[in-house]
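1. I need the structure of the sequence given here:
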Amino acid sequence: MNFEDTYDDDLLDGDMPQMRIEDYEVDEDDVDQSRYVASAQSIPEVVKQFVTYLNRYIKEKNVYEIFSMYENNFNKIAERFYKNSPWPSAEMIGPIVNQDPAFILLYKELYYRHIYTRLQPTLEQRLESWKNYSDIFHWLQKSGSDLAIDLPSQWLWDMIDEFIFQFQSFCQFRSKLRSKNADEINTLKNNPQAWNIVSVLGYLQSLVKRAHTLKYLENPQNLKQEDLAVASHPMFKKLGYFCMVGLVRVHCLIGDYRTALKTIAPYETSSHKSEFPQVIACHVTLNYYLAFVYMMLRRYTDAIRTLTAVLLYISRTKQYTSKSQQSEQIGKKTEQMYALLSICLVLCPQRVDENIHSTLKEKNGDKTIKMQRGDETTFEELFSFACPKFITPAALELGSENPTDALKNQIRLFMMEIKEQDLVPTIRSYLKLYTSIPSAKLSNFLNLDPSAFNSQLMCFKHKTLELGYMGGDLVDGEWIKAGDVDFKLENDMVTVVDTRVPRRYSDFFIRHIQKFNELSGQLDGSHA
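-> Numbering: from 1, shown residues only. Now for the predicted structure:
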């Protein structure tokens, strides 16, 4: 028997009872059972049944039923009863689950996530959520292969994703002091460890270490038997990988791109990566941040390869995500990645998949033309849309940072690179017209004196030479020639070397044959 078979759908048609939602902190010595029972009586019956069955399935490690309740029932109940209010506090839920400490920690994670999603969290709620996450991480760090629960991959990924989102939100909240009163400012000053960047990174790194994820990726056979038991535990195997992705995101948010690449390198180059769970939202997030890191490190070929692969992956899995809770988030990330791909293809022109190219032309065709003409405003506009919400993790003095400072700094760095490449597209366009051309003639086209012209040619050479991953070291890479055109300069004569990859006409015909077959099937069906 499951939750769907027992709860009454008619309960969802009634009015939501009036209830008192209070802040909660578990302290068994101060438990007032009569007050708990009175509060629990004000909870709708369907919510009591939901909590009871969820607790039961977690104890039974029934991952299938847990996922169903987490992905479907929780959101349905929230939409009906708690659309504009919090769920019942953990204090009210406690008696229903016999004060189960593990379940209360997990319930509070859902409780605060609901507040962040549908309401506006107060400072106290932000701090309480931080304390609850700290308790969850400490509990997991002390656990081993005997951990008695297993949660769905989607829930665990959402937990790590929400943890970083709340950290990001707190950094932005902390920097806006004008709207805060004296009590809130004092509370912030008295809680310097709350959502501290060192603590956030520490928790994520400690779980990666506890799960022995790096050693497992290198070679599971090198692990001791007891360590292998922990690394193979479903919870730790999922959490170790998800925390690695979380670390990439945090390092990217603070602009530490090389460290972000170092963090994920063991996973990207491992032959055991396929053994880790693939949550669609996690896969999209990882590749979005990895592509952005590549772009900011001027590794455009790697960025284009990553973006093309993940966009094709999204198109193939659209049928599985269209009805999920992550569809909106994945849709936004998709738009951002198309914007990043437009920027990278302007800076490093090359052929991409025909489907991706046609979609890109529909979405950003006009903006691509503007960028090719050197329109810096369009570059900045697309970058601002496609980039993550950067943060300033720590300030010398509370409130001394501006919420937009981090973004402005990254825009400034990116635009410096664009300005350095100001004449690169123009030189490329002229080189495509010739197989050879006197350097004096080309300098006249560009209205440059010989000295400035030679500098621009060297700039072109420099900007079309970049690091790329060729199967060796992911972080250091190998120097490769990027772009679709190259040249040699000998005796004041510029000789053009065409590096374009020949078009694969087979893809064109295969795609149109598939479309023809689909149309034929539709026509046959309409005549039947």
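2. switch to C-alpha atoms for all contacts and neighbour counts from now on
-> OK.
3. what about the strands in the protein?
-> 436-438, 465-468, 478-481, 485-490, 493-498 (DSSP state E).
4. most tightly packed of these?
-> strand 465-468 (a mean of 20; mean count of other Cα atoms under 10 Å).
5. quick one: low-confidence ranges for the stretch 151-300 of the chain?
-> The stretch 151-300 of the chain contains no residues with pLDDT under 70.
6. show me where it has helices.
-> Secondary structure of the stretch 151-300 of the chain (DSSP state H, counting those that start in this stretch): helices at 153-174, 182-190, 197-210, 213-218, 225-232, 234-253, 257-268, 280-296, 300-321.
7. turn those helices into a markdown table, including distance to M337 and mean neighbour count.
-> Output for the helices of the stretch 151-300 of the chain, formatted as a markdown table (distance: least, Cα to Cα, whole Å; neighbours: other Cα atoms under 10 Å):
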| stretch | distance to M337 | mean neighbour count |
| --- | --- | --- |
| helix 153-174 | 19 | 19 |
| helix 182-190 | 36 | 12 |
| helix 197-210 | 26 | 18 |
| helix 213-218 | 28 | 21 |
| helix 225-232 | 33 | 18 |
| helix 234-253 | 15 | 24 |
| helix 257-268 | 17 | 19 |
| helix 280-296 | 7 | 22 |
| helix 300-321 | 7 | 18 |
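8. could you list the low-pLDDT ranges of the stretch 351-500 of the chain?
-> For the stretch 351-500 of the chain, the stretches flagged by pLDDT under 70 are 394-401, 498-500.
9. which stretches of it form helices?
-> Under the criterion DSSP H, counting those that start in this stretch, the stretch 351-500 of the chain carries helices at the ranges 354-372, 376-386, 405-420, 424-431, 439-445, 450-463.
10. hey, C-alpha coordinates of the fifth one in PDB?
-> The reference is to helix 439-445. Only the C-alpha atoms of helix 439-445 are listed here, as PDB (Å, rounded to 0.1, in the frame of the first residue of the first chain):
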ATOM      1  CA  SER A 439      50.800  43.100 -46.600                       C
ATOM      2  CA  ALA A 440      50.900  46.800 -47.800                       C
ATOM      3  CA  LYS A 441      47.600  46.300 -49.600                       C
ATOM      4  CA  LEU A 442      46.000  44.700 -46.600                       C
ATOM      5  CA  SER A 443      47.200  47.500 -44.300                       C
ATOM      6  CA  ASN A 444      45.700  50.000 -46.600                       C
ATOM      7  CA  PHE A 445      42.300  48.200 -46.400                       C
END
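11. quick one: it to chain centroid distance?
-> Averaging C-alpha positions (Cα atoms, centre = their mean, to the nearest Å) puts helix 439-445 47 Å from its chain's average.
12. for it, name the packing helices and strands.
-> helix 450-463 (3 or more Cα pairs under 8 Å, 6 or more residues apart in numbering; DSSP states H and E).
13. again, 6 Å this time
-> Using 3 or more Cα pairs under 6 Å, 6 or more residues apart in numbering; DSSP states H and E, no helix or strand is in contact with helix 439-445.
14. which one of the strands of the chain lies nearest to I330?
-> Smallest distance to I330 across those (Cα to Cα): 27.1 Å, for strand 465-468.
15. partner strands of the closest one, parallel or antiparallel?
-> Applying DSSP bridges, strand 465-468 is found paired with strand 478-481 (antiparallel).
16. one step back: I'd like the helices of the stretch 151-300 of the chain written out as JSON lines, with distance to I480 added.
-> What follows is the helices of the stretch 151-300 of the chain, written out as JSON lines (distance: least, Cα to Cα, whole Å):
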{"stretch": "helix 153-174", "distance to I480": "35"}
{"stretch": "helix 182-190", "distance to I480": "49"}
{"stretch": "helix 197-210", "distance to I480": "33"}
{"stretch": "helix 213-218", "distance to I480": "27"}
{"stretch": "helix 225-232", "distance to I480": "37"}
{"stretch": "helix 234-253", "distance to I480": "24"}
{"stretch": "helix 257-268", "distance to I480": "18"}
{"stretch": "helix 280-296", "distance to I480": "14"}
{"stretch": "helix 300-321", "distance to I480": "9"}
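17. and P450, which of those helices is closest to it?
-> Closest approach to P450 among the helices of the stretch 151-300 of the chain (Cα to Cα): helix 300-321, 29.7 Å.
18. in PDB, list the C-alpha atoms belonging to that closest one.
-> Coordinates of each C-alpha in helix 300-321 appear next as PDB, following Å, rounded to 0.1, in the frame of the first residue of the first chain:
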ATOM      1  CA  TYR A 300      36.600  28.900 -27.000                       C
ATOM      2  CA  THR A 301      36.900  25.600 -28.900                       C
ATOM      3  CA  ASP A 302      36.300  23.700 -25.600                       C
ATOM      4  CA  ALA A 303      33.400  25.900 -24.800                       C
ATOM      5  CA  ILE A 304      31.800  25.400 -28.200                       C
ATOM      6  CA  ARG A 305      32.300  21.600 -27.900                       C
ATOM      7  CA  THR A 306      30.700  21.600 -24.400                       C
ATOM      8  CA  LEU A 307      27.800  23.800 -25.300                       C
ATOM      9  CA  THR A 308      27.000  21.900 -28.500                       C
ATOM     10  CA  ALA A 309      27.000  18.600 -26.700                       C
ATOM     11  CA  VAL A 310      24.800  19.700 -23.800                       C
ATOM     12  CA  LEU A 311      22.300  21.500 -26.100                       C
ATOM     13  CA  LEU A 312      21.900  18.400 -28.200                       C
ATOM     14  CA  TYR A 313      21.400  16.400 -24.900                       C
ATOM     15  CA  ILE A 314      18.700  18.800 -23.800                       C
ATOM     16  CA  SER A 315      16.900  18.500 -27.200                       C
ATOM     17  CA  ARG A 316      17.000  14.700 -26.800                       C
ATOM     18  CA  THR A 317      15.700  14.600 -23.200                       C
ATOM     19  CA  LYS A 318      13.100  17.400 -23.700                       C
ATOM     20  CA  GLN A 319      10.300  14.800 -23.500                       C
ATOM     21  CA  TYR A 320      11.400  13.800 -20.000                       C
ATOM     22  CA  THR A 321      11.800  17.300 -18.600                       C
END
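19. now for that helix, which elements pack on it?
-> helix 280-296.
20. what's the burial count for K142?
-> A count of nearby residues for K142, using other Cα atoms under 10 Å, gives 9.
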